[in-house]
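A.B. asks: what follows is a predicted structure for the sequence shown.
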Amino acid sequence: MDVELFNYHLPEELIAQTPLKNRTHSRLMTLDKQTGRIGHHLFEQLESYLKAGDLLVLNDTRVIPARLFGYKADTGAKAEVLLLKSLGEDRWEVLLRPAKRFKEGSRIEFGSGDASEGAPASAGQPLLTAVVEQAGEMGSRVLRFEYQGIFNEILDRLGQMPLPPYIKERLEDRERYQTVYAKHEGSAAAPTAGLHFTTEYLERLQRQGVRIAYVTLHVGLGTFRPVSVDRVEEHEMHAEYYSLPRETADAINETRASGGRVIAVGTTSARTLETAARVCGLGAGPMVQDKEALQEIQACSGWTDIFLYPGVPFLLVDALLTNFHLPKSTLMMLISAMAGRERILKAYEEAVQHKYRFFSFGDAMFIY
């Protein structure tokens, strides 16, 4: 398949720059994946599409203030670092800009004790330094950090929330780029489909008989790296850490046994669930094409580079709540795998006509 098949036209003014004041006041498009029927609602009307016995699976990862601004120690050249994945022992995989200026051995300094944070080291002792240990492709680097104190506390002081590049407005409240159930720190981006929920609305759904369960997937380079090949099948996803706990596995098995639906909140939850179906689902495996062959799900964790696109079956996820995604992105391919490319593109065309808000702070879509 040609990557261009997943392209669409999006007017720039439809890219949401700021979150709504009330999380649940976004709009909701619904798409029947069997018939292609499209509906237009408010997000709070999601409950009318859920029923007792359904299971919502949410990603409880927490975004860290992963964007750092510093200076090259010897020249003072500016550096922007995005932390992607901890490798242990104060080593991190990062995206670094401008990468070409920072070769192996380059030293970067962040903040100072005597001047404003982010100032060159000449203004005072840097709070944090990093050495480039390894250079990778497309701006990726491995940095080893040096500091005094506790790394997370320094990061809270120096770091900024890693908003996507298409968001130009300043985010005043960091918590608006966190889900209300965010728990396990480690992501370089928020699982944005979950941003629509409040604690009160989740409780309302539970009173309706909808069950809630959690997985963890720490969003990393797979989210930021664009598709750079011409053919979809040639794209390689970057591995991200996931965890599916025992209580979630039990909830999935009970839901499937009782005829309820497993509903992924966000593409990261969907990728975690589909990884679990292949890695820790009894009776499943890479060659299984029929979800009926899937038996019991076991608790598991590890690294996933699963890539879902048309032709790759969903073995576990029955429905998906998601936001509107970038043209030609792996996320467009994922939702096309669930509902069909033609139906997705038709729905996106209608979303543009109805002036839905797109991307991270935008409106939601429920594919069922």
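C.D. replies: Noted; the coordinates are in hand.
A.B. asks: what lines up beside the longest strand along the chain in the sheet?
C.D. replies: With secondary structure taken from DSSP state E, the chain has its longest strand at strand 78-88. Next to strand 78-88 in the sheet, as set by DSSP bridges, lie strand 67-72 (antiparallel), strand 91-97 (antiparallel).
A.B. asks: closest to Ile154 out of the ones you listed?
C.D. replies: Among the strands paired with strand 78-88, the nearest to Ile154 by CB to CB is strand 67-72 (9.8 Å). (C-beta placed from N, C-alpha, C; glycine too.)
A.B. asks: contacts for that closest one?
C.D. replies: Applying CB atoms under 8 Å, 6 or more residues apart in numbering, the external contacts of strand 67-72 come out as 77-83, 101-102, 106-111, 118, 120-121, 126, 128, 130, 155, 158-163.
A.B. asks: then stretch 234-251?
C.D. replies: Counting by CB under 8 Å, 6+ apart, 3, 55, 57, 85, 184, 186, 211, 213-222, 225, 227-229, 271-273, 275-276, 280, 297-307, 330 sit against stretch 234-251.
A.B. asks: kindly recompute the last result at 6 Å.
C.D. replies: 55, 211, 213, 215-218, 220-222, 227, 229, 272, 276, 297-301, 303-305, 307 (CB atoms under 6 Å, 6 or more residues apart in numbering).
A.B. asks: of the residues you listed, which belong to strands?
C.D. replies: 55, 211, 213, 215-217, 300-301, 303-304.
A.B. asks: which one of those residues sits closest to Glu137?
C.D. replies: Nearest to Glu137 among the ones in strands among the contacts of stretch 234-251 is Trp303, at 18.7 Å by CB to CB.
A.B. asks: what's the separation between the closest one and Thr275?
C.D. replies: Here the criterion is CB to CB, to the nearest Å. By it, Trp303 lies 9 Å from Thr275.
A.B. asks: sorry, back to before: buried subset of the contacts of stretch 234-251, written for PyMOL?
C.D. replies: Buried residues within the contacts of stretch 234-251, by 16 or more other CB atoms under 10 Å, are selected in PyMOL with:
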select buried, resi 55+211+213+215+216+217+218+220+221+222+227+272+276+297+300+301+304+307
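A.B. asks: follow-up on the earlier one: restricting to C-alpha, output the longest strand of the chain in CSV.
C.D. replies: Extracted in CSV, the C-alpha atoms of strand 78-88 (Å, rounded to 0.1, in the frame of the first residue of the first chain):
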residue,chain,number,x,y,z
LYS,A,78,21.4,26.1,21.5
ALA,A,79,20.1,22.6,22.0
GLU,A,80,16.6,21.2,22.3
VAL,A,81,16.3,17.7,23.9
LEU,A,82,13.3,15.5,24.1
LEU,A,83,13.6,12.6,26.4
LEU,A,84,12.1,9.4,24.9
LYS,A,85,13.2,6.4,26.8
SER,A,86,15.2,5.7,29.9
LEU,A,87,18.0,3.2,29.3
GLY,A,88,19.1,3.0,32.9
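A.B. asks: rewinding a little: possible to save the strands paired with strand 78-88 as JSON lines with distance to Phe324 and mean pLDDT?
C.D. replies: Listed next are these as JSON lines, based on distance: least, CB to CB, whole Å; pLDDT from 0 to 100:
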{"stretch": "strand 67-72", "distance to Phe324": "24", "mean pLDDT": "96"}
{"stretch": "strand 91-97", "distance to Phe324": "24", "mean pLDDT": "94"}
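A.B. asks: mind putting these into a markdown table with mean neighbour count?
C.D. replies: As requested, the strands paired with strand 78-88 are exported to a markdown table (neighbours: other CB atoms under 10 Å):
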| stretch | mean neighbour count |
| --- | --- |
| strand 67-72 | 21 |
| strand 91-97 | 21 |
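A.B. asks: cool, thanks, signing off.
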